[in-house]
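> what follows is a predicted structure for the sequence shown.
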Amino acid sequence: MVNLCLCLVLLFSNLSDSSPQKTDSLLSEAKACLKKNSTKTVSILQDIDTSNITNNQKLDTYTTYTKYYLKIENIDSAKIFNQKRLEYAVKLNSLKDIVNAKNNMGELLCKQGEFKKGMQLLSESYQLSSQIEDRVVRANILSNLAYVYYSYNNKNKSVELLCEALKIYCDQKDTVNMSYMNNNIGILYKTMGLYNKSIKHLNQSFYLASKIADTLGVASACNNMGNIYHLLNNDKQAIKYLRKSLYFYKSINRDELSLYSNLGTVYKSMGIMDSSMYYLNCALSTAKVQNDNKKIISLLKEISEYYKDNNQWKEAYYFSNQYCNYKESTYEKELPEIIDRIKAEADLKNQKETIRLLNEKNNYQKLYLHQKNMAIVALIATIIVLILLGKNLYRRKKEENIRKRLILEQKLFRSQMNPHFFFNSLSNIQAFLLNNNTRQAVKYIARFARLMRQTLENSVKNLITFEKELDNLENYLALQQIRHYNCFDYIININDSLDIQSLLIPPMLLQPFVENSIEHGLRHLENNKGKLIIDIFPQGKGIRIVITDNGVGRQQAEKINSQLRTDHTSYGLEITKERLRMLDSNTELNIIDLYDNQNNSCGTKVEILIPCNTNYRVM
């Protein structure tokens, strides 16, 4: 019974050893070792029994395996565990893990030369990364895409992608990846011959790696800086950084192929041949362990040439023969990879060309739509500006016309209130009263008052009927007849087809011409009685007004006025001419001197044509 209990205790003890809590503890320990680049990582992971843990723990385990083998560049092992990782990520429908797994698988395939498949997986992961919030994942994908473009010798695109990834890491304050990314950018600038930029990024990588005690990052940065200083012919500085790198790599028990190769090359450049051959052989051994055939070929060639230069023909032959064998076998092995790379490059070029053509088409369409929209906007803006300018000009023109009308109305009113006519009319009234001719005086006063009232009323109106204009004119003519002792007769002929009760005309339009005929023509007649004829009739689409007198004519009137030294000026006539010009562009005004058969002046004719369809503006 005691033995049975002991067995049960041991059974439960073993079960508890494989509990989820212990698995989580082991995973945490493995991840901590991974950060320190410790080889204990794998031994800890091997203690996890994957047959008795949850799917999430399996996913976590395979992810840690993948990261470890990626770090030590064991591509085959990394691919195996990453494939399992991808399977469990799909089972758990974990989008972030699917993206990371596809990204790592694409990276691994590209490192093995399967660029077409690798590029496809990287493109898929990049598209899926837009659906997750973790921007660091997107930066990791950009880093791997940069490697592909570098393999296609598109270094500018590679730098662009790495700088984009670095910006994301900086935003996220991811110091580890900031260090790695600066290191990679430094290496890339080195291959482009931009050594100053390279050293700048490598120094930054060294600083960041030192800050977080990342021994591998520090060793890598020192190794690359040593290589650049050698390229700058500064072997003293180069060997200083390479020895630092060797120290850090040794502290983590890692043989770094590129470091041994760089040390061998620099020592050879410095003439220290024993040290050079030592490190070149170390590099060759490491290359064989890592199955890096390209590096093996390069090192075999370099070593064989060293022995050849030193007349050590046996050793030279041995390494030269190995060089040829490796080169031949590597070419046979890499031929499918070369073909795949060429196909991948061709596919990428075709894809780029398709994208370029689509972008050009989209850009053309955008440009066309932009130009079309801009043209519409410009047209609308132009129309609006023209409308506003037109409105402004119309408003200013209207205001100017109102101002001119007011000025003209004031001038016209003052001209109608001619002081000579006014005082002469009062003198006539006084004479009638002194001669006891009361009836004539009353008649004169009535006409004079009526004329004054009509003049005042019409002076504030824009338009009046022809009937009112003619009534006002007859009052004026009747007063002028009395004033000048009936020295002239007048006749107003109106065509029956004219509707003078509805036809509109600007007020006081005819009076100045009639006044001019009386004052400067008819009143100076000595032997003949004056005659004033006003004819009003339709002509075409307008009304023609003809004012004819048999006075002395304009030339003779000027002579008489000059001899009499009269200061009378016919302002009303000039104002009316201006009013006619403003009235309508089709309005006509002609003043004609009349002569008899002996070419003697026998009067004046004034012809006015006013369009009937004129929409009279404010005058």
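All right, it came through fine. Residues are numbered from 1 along each chain as shown.
> I'd like to know which elements the helix or strand hosting Gly118 is packed against.
Here Gly118 sits within helix 115-129, counting by DSSP states H and E. Under the contact definition 3 or more Cβ pairs under 8 Å, 6 or more residues apart in numbering; DSSP states H and E, helix 115-129 sits against helix 95-111, helix 135-151, helix 313-416. Using the backbone N, CA and C atoms, a C-beta is placed for each residue, glycine as well.
> so where's the stretch 251-400 of the chain shaky on pLDDT?
330-359, 361, 398-399 (pLDDT under 70).
> and what of the stretch 501-619 of the chain?
Using pLDDT under 70, the stretch 501-619 of the chain drops low at 564-575, 582-583, 585, 612-619.
> residue contacts, Lys605?
By Cβ atoms under 8 Å, 6 or more residues apart in numbering, Lys605 lies in contact with Val546, Ile547, Thr548, Ile591, Ile592, Leu594.
> hang on, the earlier thing: now the helix holding Gly118: buried residues?
By neighbour count on 16 or more other Cβ atoms under 10 Å, the buried set for helix 115-129 is 115-116, 118-126, 128-129.
> roughly how far is it from the heart of the chain?
34 Å (Cα atoms, centre = their mean, to the nearest Å).
> other SSEs contacting the one helix or strand Ser517 maps to?
Secondary structure assignment for Ser517, by DSSP H and E: helix 511-520. If contacts are counted by 3+ Cβ pairs under 8 Å, 6+ apart, helix 511-520 sits against helix 466-483, strand 530-539, strand 542-549, helix 554-564, helix 571-583, strand 601-611.
> ok, of the contacts of Lys605, which come out buried?
Members of these classed as buried by 16+ other Cβ under 10 Å are Val546, Ile547, Thr548.
> can you redo the contacts of Lys605 as a markdown table with distance to Cys487?
Shown next, in a markdown table, are these (distance: Cβ to Cβ, whole Å):
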| residue | distance to Cys487 |
| --- | --- |
| Val546 | 22 |
| Ile547 | 17 |
| Thr548 | 17 |
| Ile591 | 22 |
| Ile592 | 23 |
| Leu594 | 19 |
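> which one of those residues is nearest Glu107?
Ile591 (103.9 Å; Cβ to Cβ).
> quick check: the closest one is in a helix.
No. According to DSSP: H, G, I helix; E, B strand; the rest coil, Ile591 belongs to no helix; its state is strand.
> give the burial count for the residue lying closest to it once chain neighbours are set aside, as a bare number.
Excluding the flanking residues, the one nearest Ile591 by Cβ to Cβ, 6 or more residues apart in numbering is Val606, at 5.3 Å. By other Cβ atoms under 10 Å, 21 other residues sit near Val606.
> spit out the contact partners of Val606.
Neighbouring residues of Val606 by Cβ under 8 Å, 6+ apart: Phe513, Ser517, Ile545, Val546, Ile547, Thr548, Leu589, Asn590, Ile591, Ile592.
> same thing but 7 Å
Contact analysis of Val606 by Cβ atoms under 7 Å, 6 or more residues apart in numbering lists Phe513, Ile547, Ile591.
> mind listing the residues bridging to the second one?
Spelled out, that is Ile547. Ile534, Val606 (DSSP bridges).
> what residues are up against it?
Contacts of Ile547 (Cβ under 7 Å, 6+ apart): Phe513, Val514, Ser517, Ile534, Val606.
> per-residue pLDDT, Ser459?
Ser459 carries a pLDDT value of 69.
> I'd like the buried residues of helix 115-129 as JSON lines, with distance to Asn310 and pLDDT appended.
Shown next, in JSON lines, are the buried residues of helix 115-129 (distance: Cβ to Cβ, whole Å; pLDDT from 0 to 100):
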{"residue": "Phe115", "distance to Asn310": "41", "pLDDT": "79"}
{"residue": "Lys116", "distance to Asn310": "45", "pLDDT": "79"}
{"residue": "Gly118", "distance to Asn310": "43", "pLDDT": "84"}
{"residue": "Met119", "distance to Asn310": "46", "pLDDT": "83"}
{"residue": "Gln120", "distance to Asn310": "50", "pLDDT": "86"}
{"residue": "Leu121", "distance to Asn310": "49", "pLDDT": "87"}
{"residue": "Leu122", "distance to Asn310": "47", "pLDDT": "87"}
{"residue": "Ser123", "distance to Asn310": "51", "pLDDT": "86"}
{"residue": "Glu124", "distance to Asn310": "54", "pLDDT": "86"}
{"residue": "Ser125", "distance to Asn310": "52", "pLDDT": "87"}
{"residue": "Tyr126", "distance to Asn310": "52", "pLDDT": "86"}
{"residue": "Leu128", "distance to Asn310": "57", "pLDDT": "86"}
{"residue": "Ser129", "distance to Asn310": "55", "pLDDT": "85"}
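> turn those into CSV, columns for distance to Thr438.
Shown next, in CSV, are these (distance: Cβ to Cβ, whole Å):
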residue, distance to Thr438
Phe115, 131
Lys116, 130
Gly118, 130
Met119, 126
Gln120, 127
Leu121, 128
Leu122, 125
Ser123, 122
Glu124, 123
Ser125, 124
Tyr126, 119
Leu128, 120
Ser129, 119
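> okay, the angle between whichever strand or helix holds Lys190 and helix 135-151?
Using DSSP H and E, Lys190 sits within helix 175-191. Angle of helix 175-191 versus helix 135-151, following axes from the mean of the first three to the mean of the last three Cα atoms, to 10 degrees, is 20 degrees.
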